[in-house]
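**Student:** sequence? don't have it. structure:
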């Protein structure tokens, strides 16, 4: 299991299986990441991986349409496209 901390939701920490989708965990555990479509089309679920960036999968092409190279370099991801394999902390 991995720990996901939702910093913008009072630091709420939840556990999830490895290789879990960040947005799905947020929805299931009431993490609070904003969203509309859930499929990489709208960009609403943009969040910043503040800690544990090394525990996320590779950036998807759908994310590159919504996030600038500078944002990606700073740790921004789209929660609907991000899978986590270790402990992470996110804000939005």
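**Tutor:** Yep, it's here. Note that the structure is a prediction, hence the values are computed from the model and not measured.
**Student:** ok, and the closest non-adjacent residue to residue 51?
**Tutor:** Distances taken as CB to CB, 6 or more residues apart in numbering put residue 89 closest to residue 51, at 4.1 Å, once the chain neighbours are dropped. The way it works is simple: take the backbone N, C-alpha and C, and place the C-beta from them, glycine included.
**Student:** I'd guessed that neighbour sits against residue 9; true?
**Tutor:** No: applying CB atoms under 8 Å, one finds residue 89 not in contact with residue 9, separated by 11.2 Å.
**Student:** and the helices in the chain, which stretches?
**Tutor:** For the chain, the helices defined by DSSP state H occupy 22-29, 61-66, 69-73.
**Student:** average model confidence for the shortest one?
**Tutor:** I take that to be helix 69-73. Throughout helix 69-73, pLDDT has a mean value of 98.
**Student:** confidence score at the residue nearest the centre of the chain?
**Tutor:** In the chain, the residue lying closest to the centroid (CA atoms, centre = their mean) is residue 79, at 3.4 Å. With respect to pLDDT, residue 79 scores 98.
**Student:** check residue 38 too.
**Tutor:** Looking at residue 38, its pLDDT reads 86.
**Student:** any idea how far the closest residue in space to it that isn't next to it in sequence is from residue 23?
**Tutor:** The shortest distance from residue 38 to any non-neighbouring residue, by CB to CB, 6+ apart, is to residue 80 (5.1 Å). Using CB to CB, to the nearest Å, one obtains 4 Å as the distance from residue 80 to residue 23.
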